[in-house]
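Trainee: Sharing a model prediction with you, sequence too.
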Amino acid sequence: MAMLRSLGNALKPTLERIVAPQVALYHKNVIDHYENPRNVGSLDKNDKNVGTGLVGAPACGDVMKLQIMVDENGKIIDAKFKTFGCGSAIASSSLATEWVKGKSIDEAVEIKNTDIAKELCLPPVKLHCSMLAEDAIKAALKDYKIKNNPEKEKATASV
Amino acid sequence: MFNIVRRFCSNRFYSRNFSRTGQYRIKTERNVSRVSKLSTCLECCQERVPCISTLQHSSYRFYSSVSQNSTQLSENQFEELVEDTLDSLAVLFEDLPERFKCPPEYDISFGNGVLTVKISETWGTYVINKQTPNKQIWLSSPLSGPKRYDFIKDKWIYKHDGKVLHDLLQDEISRALGQPVDFSKCSYSGDGSNS
């Protein structure tokens, strides 16, 4: 019996290694944004001061809507997002709304996917999620600019 | 004496046996079309390089008449194309340590349409994967970030800058290893016979 027990003890670490599931863990920053997402919600997309960016493809499983509200000085005073996707995509868009708030529209366009990926410590395969967040910011800014500059809108439409 | 590399791929399993003399055999199971393609390959060549090029030519002949853009591809066509592209990339990355001096941490894994190449801790990891819903190949580079490639005119092209997947890999992997690595022999590299 004692021999069996000692054998069992000797095997325990090996068994635990085999039985323990292999899990890829999200970084704590991702989990923080995932569990307490900032700025979830919607703004009135018909408002002249609101820019809406909708990026991603439902077929891929990631859709991101990011909206910004800009005051008369060109400063982003509010931002909201709704994301359907993986934890990294949700965290990326949550972080993006946090970062654009308080920035001018020229500053916001400078936010890069690499900054988001670095902040969230995203693994290589999840860099695409941070790219989606960057695209969402750009799309929202573009929408706002088009809304507030009808001539430019015509120019882009004719191109 | 045999270095056996086994890999699970999307819908098949095959093992490669490399011998010291450079001769090699490929065994495939399950996928019938694949088996026939490879068995004709084995009949006509003993060396590794001609075998890969035969694979390239056969797939080129099959698709050049059918497809031009990824949006026009059927799902089966896309699967075959991606499989060829990723397979030939995997073979190249797998052979790199034999031809060049690679960092000790250099490691590749390939399965389910995802090719992961770890160059080193400092340089980082490349991930190349198929994205079936929008018929793209996605690349994640530690140097230049993420990109999405569409199949246009027998090449994988990133629409934002018009660059070819294999050109970017050639540039970055050559820099990573400090030695020129040639990607032009890979399937759908945009160079040579199938461009």
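Mentor: That came through fine. All of these numbers come straight from a predicted model, not from anything done at the bench. Residues are numbered from 1 along each chain as shown, chains lettered A, B, ... in the order given.
Trainee: which helices and strands does the host helix or strand of A:Lys142 pack with?
Mentor: Using DSSP states H and E, A:Lys142 sits in helix A:127-148. Counting contacts by 3 or more Cβ pairs under 8 Å, 6 or more residues apart in numbering or on different chains; DSSP states H and E, helix A:127-148 is packed against strand A:50-57, strand A:62-70, helix A:87-100, helix A:105-108, helix A:113-120, helix A:150-158, strand B:136-141, strand B:145-152. Backbone N, C-alpha and C define where each C-beta goes, glycine included.
Trainee: Where does the prediction get shaky in the chain?
Mentor: Went with chain A since none was named. Across chain A, residues meeting the criterion (pLDDT under 70) sit at A:1-24, A:150-159.
Trainee: ah, no, chain B please
Mentor: B:1-71, B:192-195.
Trainee: Residues of chain B that sit close to chain A?
Mentor: B:114, B:116, B:124-127, B:129, B:131, B:133-134, B:138, B:140, B:142, B:145-146, B:148 (Cβ under 8 Å from any Cβ of the partner chain).
Trainee: Kindly format the C-alpha coordinates of the helix holding A:Lys142 as PDB.
Mentor: Output of helix A:127-148 as PDB, limited to C-alpha atoms (Å, rounded to 0.1, in the frame of the first residue of the first chain):
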ATOM      1  CA  LEU A 127      -2.800  42.100 -33.600                       C
ATOM      2  CA  HIS A 128      -5.700  42.200 -36.100                       C
ATOM      3  CA  CYS A 129      -8.100  43.200 -33.300                       C
ATOM      4  CA  SER A 130      -6.100  46.300 -32.600                       C
ATOM      5  CA  MET A 131      -6.000  47.100 -36.300                       C
ATOM      6  CA  LEU A 132      -9.800  46.900 -36.300                       C
ATOM      7  CA  ALA A 133      -9.900  49.400 -33.500                       C
ATOM      8  CA  GLU A 134      -7.600  51.800 -35.400                       C
ATOM      9  CA  ASP A 135      -9.800  51.300 -38.500                       C
ATOM     10  CA  ALA A 136     -12.900  52.100 -36.400                       C
ATOM     11  CA  ILE A 137     -11.400  55.400 -35.100                       C
ATOM     12  CA  LYS A 138     -10.400  56.400 -38.700                       C
ATOM     13  CA  ALA A 139     -13.900  55.500 -40.000                       C
ATOM     14  CA  ALA A 140     -15.600  57.500 -37.300                       C
ATOM     15  CA  LEU A 141     -13.300  60.500 -37.900                       C
ATOM     16  CA  LYS A 142     -13.900  60.300 -41.700                       C
ATOM     17  CA  ASP A 143     -17.700  60.100 -41.100                       C
ATOM     18  CA  TYR A 144     -17.600  63.200 -38.900                       C
ATOM     19  CA  LYS A 145     -15.500  65.100 -41.500                       C
ATOM     20  CA  ILE A 146     -17.800  64.200 -44.300                       C
ATOM     21  CA  LYS A 147     -20.800  65.300 -42.300                       C
ATOM     22  CA  ASN A 148     -19.300  68.700 -41.500                       C
END
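Trainee: pull the longest helix from chain B.
Mentor: Looking across chain B with DSSP state H, the single longest helix is helix B:75-99.
Trainee: buried ones in the next helix or strand after that helix?
Mentor: Downstream of helix B:75-99, the next assigned helix or strand under DSSP H and E is strand B:107-111. Using 16 or more other Cβ atoms under 10 Å in any protein chain shown as the test for burial, strand B:107-111 gives B:Ile108, B:Phe110.
Trainee: what does stretch B:139-155 give?
Mentor: B:139-142, B:145-152, B:154-155.
Trainee: Tell me which residue in chain A sits closest to chain B.
Mentor: Closest residue of chain A to chain B, Cβ to the nearest Cβ: A:Ala59 (3.5 Å).
Trainee: quick one, what contacts the residue nearest to that residue when sequence neighbours are not counted?
Mentor: Closest residue in space to A:Ala59, ignoring its immediate chain neighbours: B:Pro133 at 3.5 Å, by Cβ to Cβ, 6 or more residues apart in numbering or on different chains. By Cβ atoms under 8 Å, 6 or more residues apart in numbering or on different chains, the contact set of B:Pro133 is A:Ala57, A:Ala59, A:Cys60, A:Gly61.
Trainee: Can you tell me the number of residues neighbouring the second one?
Mentor: For A:Ala59, the number of neighbouring residues by other Cβ atoms under 10 Å in any protein chain shown comes to 11.
Trainee: In three-state terms, label it for me.
Mentor: helix (DSSP: H, G, I helix; E, B strand; the rest coil).
Trainee: B:Gln136 is in contact with that one, correct?
Mentor: No. With contact defined as Cβ atoms under 8 Å, A:Ala59 does not count as touching B:Gln136 (11.1 Å).
Trainee: Next up, the contacts around B:Gly145.
Mentor: A:Asn113, A:Thr114, A:Ala117, A:Leu127, A:Met131.
Trainee: Report the beta-bridge partner residues of it.
Mentor: B:Ser141 (DSSP bridges).
Trainee: What distance do you get for it to B:Pro104?
Mentor: 26 Å (Cβ to Cβ, to the nearest Å).
Trainee: That concludes my questions; thank you for your assistance.
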